[in-house]
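K.L.:
Provided below for reference: sequence and predicted model.
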Amino acid sequence: MSQTPTADDAPVLTEERDGVLLITLNRPHAKNAVDRAMAQALAAALDRLTEESALRAGVLTGAGGDFSAGMDLKAFARGETPVLPGRGFGGLTRATLPKPLVAAVEGWALGGGTEMVLACDLVTASTEARFGLPEVTRGIVAPEGGLLRLPQRIPRNIAAELLLTGAPLTAPRAAELGLVNRLTDPGGAVAAALELASATARNAPLSIAAVKHVLHEAVGMAEADAFRLQDEIIAPVLRSEDAAEGPRAFAEKRPPRWRGR
């Protein structure tokens with residue numbers, strides 16, 4: 001295990017754990033509300049996850065008992081924005097990530113915090129966690145994934161209720177609806193997320209990237225068009241060295257040695 005040297009007051013902390021990058025939003029005094037500095041630091045951490053071949057998956061969580069209260073309104077009032085061009089809120093909500101990212105939610109994930117959760121591939125949450133998109137109660141909307149992704153993750157009428165009323169959603173109810181993959185005891189979300197991330201990290205990186213690409217691009221497509229897109233994306237994977245290595249390793253009764261090519 002190796003830890004990136006960072007000051008304790010850095011807006012984002014990173015720690016490598018056996019091929020998984022643990023990324024921690026680190027403004028607990030502000031319930032991890034996202035200002036410009038945090039957005040830039042999170043974008044840098046996600047770039048590291050993308051670029052370093054030794055890193056196969058990421059976990060995103062918050063320090064101090066909350067995931068994120070969303071946008072830092074005080075910073076916004078000073079003229080800052082946590083929305084980065086081409087990357088969205090926090091440098092995440094509109095970014096394209098080829099590797100799996102798991103959200104580990106304790107406490108509140110509000111507004112942009114919930115939208116960052118929706119940008120992740122998998123979600124673990126403590127039984128005490130709560131999600132919410134209260135933008136309509138403040139005269140605004142949820143433009144960084146709330147309006148578009150929430151109805152894809154849970155039944156549309158339930159998503160409409162949450163978006164129109166601004167009411168919070170408890171983690172147990174979110175798990176019932178399919179938004180949360182693993183529900184844990186309080187304090188257990190990160191451990192469960194690391195377990196999920198490690199399970200994905202053991203698999204072939206080209207296959208993982210292709211799965212993510214298809215899942216993202218095929219949303220809303222007609223089935224015939226989706227199959228054409230899928231076949232185009234997976235064709236190079238099926239011709240790869242890793243595609244030959246997987247069956248070979250199975251036949252030889254050994255773990256596969258993925259090369260990412």
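P.N.:
Yep, it's here. Numbering: from 1, shown residues only.

K.L.:
the stretch 51-200 of the chain: strands as residue ranges?
P.N.:
Secondary structure of the stretch 51-200 of the chain (DSSP state E, counting those that start in this stretch): strands at 57-62, 83-84, 88-89, 101-105, 108-110, 122-126, 130-132, 169-170, 182-184.

K.L.:
same list (the ones you listed) but as CSV, adding mean neighbour count.
P.N.:
C-beta here means a position set from N, CA and C on the backbone, and glycine is covered the same way. What follows is the strands of the stretch 51-200 of the chain, written out as CSV (neighbours: other C-beta atoms under 10 Å):
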stretch, mean neighbour count
strand 57-62, 28
strand 83-84, 20
strand 88-89, 26
strand 101-105, 29
strand 108-110, 26
strand 122-126, 27
strand 130-132, 23
strand 169-170, 19
strand 182-184, 20
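
K.L.:
now those strands as TSV including mean pLDDT and distance to residue 215?
P.N.:
Shown next, in TSV, are the strands of the stretch 51-200 of the chain (pLDDT from 0 to 100; distance: least, C-beta to C-beta, whole Å):
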stretch	mean pLDDT	distance to residue 215
strand 57-62	98	15
strand 83-84	96	23
strand 88-89	96	18
strand 101-105	98	13
strand 108-110	97	21
strand 122-126	98	12
strand 130-132	97	21
strand 169-170	97	23
strand 182-184	98	19
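
K.L.:
nearest to residue 243 among these would be which one?
P.N.:
The closest of the strands of the stretch 51-200 of the chain to residue 243 is strand 57-62. By C-beta to C-beta, the value is 20.4 Å.

K.L.:
run the chain-centre distance for the closest one.
P.N.:
7 Å (C-alpha atoms, centre = their mean, to the nearest Å).

K.L.:
which elements pack onto that strand?
P.N.:
Applying 3 or more C-beta pairs under 8 Å, 6 or more residues apart in numbering; DSSP states H and E, we find strand 57-62 packed against strand 20-25, helix 36-51, strand 101-105, helix 189-201.

K.L.:
from what I can see residue 43 touches residue 84, true?
P.N.:
Yes: with contact defined as C-beta atoms under 8 Å, residue 43 reaches residue 84; the gap is 5.8 Å.

K.L.:
ranking the helices and strands packed on strand 57-62 by burial, who's on top?
P.N.:
Each of the helices and strands packed on strand 57-62 was scored by mean neighbour count; the highest is strand 101-105, a mean of 29, by mean count of other C-beta atoms under 10 Å.

K.L.:
can I get stretch 75-91 in PDB? Just the C-alpha atoms.
P.N.:
In PDB, the C-alpha atoms belonging to stretch 75-91 read as follows (Å, rounded to 0.1, in the frame of the first residue of the first chain):
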ATOM      1  CA  ALA A  75     -17.700  30.100  -3.100                       C
ATOM      2  CA  PHE A  76     -20.300  30.400  -5.800                       C
ATOM      3  CA  ALA A  77     -21.400  33.800  -4.400                       C
ATOM      4  CA  ARG A  78     -17.700  34.900  -4.700                       C
ATOM      5  CA  GLY A  79     -17.800  34.100  -8.400                       C
ATOM      6  CA  GLU A  80     -16.300  30.600  -8.300                       C
ATOM      7  CA  THR A  81     -17.800  27.700 -10.200                       C
ATOM      8  CA  PRO A  82     -17.100  24.000  -9.500                       C
ATOM      9  CA  VAL A  83     -18.200  23.100 -13.000                       C
ATOM     10  CA  LEU A  84     -15.100  22.500 -15.200                       C
ATOM     11  CA  PRO A  85     -15.400  22.900 -19.000                       C
ATOM     12  CA  GLY A  86     -16.000  19.500 -20.700                       C
ATOM     13  CA  ARG A  87     -15.900  17.700 -17.300                       C
ATOM     14  CA  GLY A  88     -18.900  19.000 -15.500                       C
ATOM     15  CA  PHE A  89     -19.600  19.400 -11.800                       C
ATOM     16  CA  GLY A  90     -16.600  18.600  -9.600                       C
ATOM     17  CA  GLY A  91     -14.600  17.600 -12.800                       C
END
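
K.L.:
right, I'll call it a day here.
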